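Peer 1: Sequence first, predicted coordinates after that:
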Amino acid sequence: MPELDSNRPAWRWFGPWLVLGFLYIWVFLGALSIGPFLLPVVLIGTVVLLRKRNARSAVPAVMAGMGLSLLVVAFLNRGGPGVVCTTKSTATSWTESCGEQWNPLPWLGFGLMLVVFGVGDFVVRQRSTT
């Protein structure tokens, strides 16, 4: 079994690639809102990481980061599908708001699949190189 220290350089780059994968999905999902503002950050981050030779071995973390984004969407829609109403109370009144939520199960399924495949691919590649 390989020691953790032998894989340390690759694991060090897993986090930055994970964040980039997370942001790639938000660039796509927020194309009409926050996406254009995130796109330069994601592109610059990708170019910077690709220029570092040791960082390239952690590229499968992008898939895991994308999966984490989909899991966030699933969590935000956990009351769906359909119209979901929430009631909030303040010191003097009650307010109710209703909104349409998507079915969280496809987001959950694809998110889990991407996280498992991304982490699994990374681990398999690290074991095969040591």
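Peer 2: Cool, the structure landed.

Peer 1: what are the ranges of the strands in this protein?
Peer 2: With strands called from DSSP state E, the chain shows them at 82-89, 94-101.

Peer 1: so which of the ones you listed gets nearest residue 29?
Peer 2: When those are compared by Cβ to Cβ, strand 94-101 sits nearest residue 29, at 14.9 Å. Just so you know, the C-beta spots here come from the backbone N, C-alpha and C atoms, and that holds for glycine as well.

Peer 1: strands paired with the closest one, and their directions?
Peer 2: Here strand 94-101 is paired, per DSSP bridges, with strand 82-89 (antiparallel).

Peer 1: if we can go back for a sec, mind checking which of the strands of the chain is nearest residue 67?
Peer 2: Closest among the strands of the chain, once you apply Cβ to Cβ, is strand 94-101, at 20.2 Å.

Peer 1: Dump that closest one to PDB, keeping only the CA atoms.
Peer 2: Extracted C-alpha coordinates of strand 94-101, given in PDB (Å, rounded to 0.1, in the frame of the first residue of the first chain):
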ATOM      1  CA  TRP A  94     -46.000  35.700  10.200                       C
ATOM      2  CA  THR A  95     -44.900  35.700   6.600                       C
ATOM      3  CA  GLU A  96     -45.400  32.900   4.100                       C
ATOM      4  CA  SER A  97     -43.600  32.600   0.800                       C
ATOM      5  CA  CYS A  98     -44.200  30.000  -1.900                       C
ATOM      6  CA  GLY A  99     -41.900  28.900  -4.700                       C
ATOM      7  CA  GLU A 100     -41.600  26.200  -7.400                       C
ATOM      8  CA  GLN A 101     -38.900  23.600  -6.700                       C
END
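
Peer 1: Give me the mean pLDDT for it.
Peer 2: Averaging pLDDT along strand 94-101 yields 83.

Peer 1: quick one: contacts for residue 112?
Peer 2: For residue 112, the contact set (Cβ atoms under 8 Å, 6 or more residues apart in numbering) comprises 67, 71.
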